[in-house]
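J.: Here is a sequence together with a model predicted from it:
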Amino acid sequence: MPDFQNLIQQLCDQGWYYQQNVLDEQWVSELADLCHGRTFLQAGIGKGLQNIINEAIRSDSISWIEKDEQASALRRYLALTEQIRTLLNREFYLGLNDFEAHFSTYPPGAYYKPHYDCFAKDKRRAVTFIVYINQNWQAMDGGQLSLHLPEGEHLIEPVAGSMICFLSEQILHEVKPTRCERMALTGWFIRNHGQDYYYS
């Protein structure tokens, strides 16, 4: 499980938090099996009618997670996100009232160029939450999440069971080209009206 105290402290101090061993091996295995059994669509960029496929920017595929998913591994995942949503609202008064997420898969050679998770005219996504389900991942496999921070680039290995949480509007990030299949559950805690927010 996440170290909730450190999550809150590091989000406040630096805008992001990474932790390994959040999901146990069985949970990771169940999520990976579910991922392999789902139908995926090629991911685009932009929102709504402005969403387009542009493989020069991103080349992953996604499968959206519904709120009424029946698989126990996904119910546990959604329960965890609800815990985190409640915690973020209590500590930061963010007014988060929804969560959306999808499975993402990157085949060998796939990547996602530097981007923010907020749309230019839609600020509802406030906090990004990612868990990785890549069993037996090695550094040589590539596919790191690169955070573009004021002090320089910081690389996150997408190892099985790890998580990262960061401020969607403030952290520029990218996915480096992967050399083997890379899987994750990527989600966003949402404010319906996309208003500015402040830390306590």
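T.: Cool, the structure landed.
J.: List the buried residues in stretch 143-150.
T.: Buried residues in stretch 143-150, defined by neighbour count with 16 or more other C-beta atoms under 10 Å: 143, 144, 145, 146, 147. C-beta: built from backbone N, CA, C; applies to glycine.
J.: Out of those residues, which comes closest to residue 187?
T.: Checking those against residue 187 with C-beta to C-beta, the nearest one is residue 145 at 14.4 Å.
J.: how about the buried residues of stretch 143-150 in CSV, adding distance to residue 42 and secondary structure?
T.: As requested, the buried residues of stretch 143-150 are exported to CSV (distance: C-beta to C-beta, whole Å; DSSP: H, G, I helix; E, B strand; the rest coil):
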residue, distance to residue 42, secondary structure
143, 18, coil
144, 22, coil
145, 20, strand
146, 22, strand
147, 25, strand
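J.: Which residues does the helix or strand bottoming out on mean pLDDT in the chain contact?
T.: Lowest by mean pLDDT, DSSP states H and E among the helices and strands of the chain is strand 41-42, with a mean of 92. Identification of contacts with strand 41-42 by C-beta atoms under 8 Å, 6 or more residues apart in numbering yields 53, 60, 61, 62, 63.
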